[in-house]
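K.L.:
fold the following, please.
(one chain, ligands or ions: 1)
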Amino acid sequence: MEQSAPNGSCITMAIHRPAAITDIGARARLVELVAGASSVVALTGAGISVPSGIPDFRTPRTGLWEKVDPMEVAHIDAFRGDPVRFWRFYGERFATLGEKAPNSAHHALVGLERAGRLVGVITQNIDMLHRRAGTRRLVEVHGSIATCSCPRCGGSVAVEDVRERLEREADGVPRCDACMGPLKPDVVLFGEMLSARSLTRARELCEGADVLICIGSSLEVHPVAGLPLLTRATGGRIAIITQGATPLDDLAEVRLSGDVVEELQALAGALAAA
Ligand SMILES: [Zn+2]
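P.N.:
Model (predicted):
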């Protein structure tokens, strides 16, 4: 078929047109699913924060991640072994994330929650954007930058205070008032386990969901990537709104690969009009 096509543009059109029709059908099906469900849950990943200007570190060579290997520098061993180097990287991350604001996709989820259409949001993101947008029932499975804790004595410090300490300390390491130990962000670093409590809450939400909408996640990072399977196992359905392929595409009742802001605004608009 490709050999008989007269030129490249015809091939592009032949692929593009059916895809557009599929998207219209998938959007309508998503509205139908959410409108008919009693328990809808959203699972979000880095893709929902990209429109806020926060790059996905899995996209190679972007911004902050260009010069470092996150698996090495954002690793618990790096924090323990060389807190100055760790905070040289992570302090920049704290400063960058502090300037970012939630986007219309975050706000659309808040609107769905307030309208009684969404029972909760599970996020892999540490950027605080869901909570700043106003999502009330939120499970941050990888933690967040909202606080730092002292691994030695358990002291806790809020993000604004951490930023002040980052600027004040000569070596750039924010320290605990009580024991002067280096503070650690309350995020799940590489090499660390997820908190059992948040994972349990995420599992409960997914098991109870009629519909799980996976947004902006490549669904490749375990154990979060296994959460949609819990929804499926209890008879629920999966919708995926993510650019790029995911390992669970074949299990999804709805598969949309467009812009997350556009898709969520379209969903919210259609539900409001229903
Ligand atoms: Zn301490």
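
K.L.:
contacts, neighbours, all on C-alpha from now
P.N.:
Will do.

K.L.:
for the stretch 51-200 of the chain, which residues are neighbours of the ion?
P.N.:
150, 153, 176, 179 (CA under 5 Å from the ion).

K.L.:
please redo it, this time with the cut-off set to 8 Å
P.N.:
Contact residues of the stretch 51-200 of the chain with respect to the ion, defined by CA under 8 Å from the ion, are listed as 149-155, 175-183.

K.L.:
tell me the most packed of the residues you listed, by neighbour count.
P.N.:
Using other CA atoms under 10 Å as the neighbour criterion, residue 183 leads these with 25 neighbours.

K.L.:
read off the pLDDT value for that one.
P.N.:
Model confidence at residue 183, given as pLDDT, is 97.

K.L.:
with adjacent residues omitted, what lies nearest to it?
P.N.:
Leaving aside its sequence neighbours, residue 183 sits nearest to residue 150 (CA to CA, 6 or more residues apart in numbering; 4.7 Å).

K.L.:
ok, that neighbour touching residue 177?
P.N.:
No. With contacts counted by CA atoms under 8 Å, residue 150 stays clear of residue 177, the gap being 9.3 Å.

K.L.:
before we move on, back to that, mind listing what the residue nearest to residue 183 touches?
P.N.:
156, 175, 176, 181, 182, 183, 184 (CA atoms under 8 Å, 6 or more residues apart in numbering).

K.L.:
before we move on, what about residue 120?
P.N.:
Neighbouring residues of residue 120 by CA under 8 Å, 6+ apart: 40, 41, 42, 113, 136, 137, 138, 139, 205.

K.L.:
give me the subset of those that lies in helices.
P.N.:
Mapping the contacts of residue 120 onto helices (DSSP state H) picks out 113, 205.

K.L.:
among the contacts of residue 120, the buried ones, what's the ChimeraX command?
P.N.:
Command for ChimeraX, covering only those of those found buried under the criterion 16 or more other CA atoms under 10 Å:
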select :40,41,42,113,138,139,205
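
K.L.:
any idea which of the contacts of residue 120 is closest to the ion?
P.N.:
residue 139 (26.3 Å; CA to the ion).

K.L.:
and the contacts of residue 120, which of them are in strands?
P.N.:
Mapping these onto strands (DSSP state E) picks out 40, 41, 42, 138, 139.

K.L.:
which ones are touching residue 35?
P.N.:
With CA under 8 Å, 6+ apart as the criterion, the residues that contact residue 35 are 117, 271.

K.L.:
any idea of the mean pLDDT in the host helix or strand of it?
P.N.:
Element membership for residue 35, per DSSP states H and E: helix 8-36. What helix 8-36 shows for mean pLDDT is 68.

K.L.:
residue 146 reaches residue 125, doesn't it?
P.N.:
No. Counting by CA under 8 Å, no contact exists between residue 146 and residue 125, whose distance comes to 11.8 Å.
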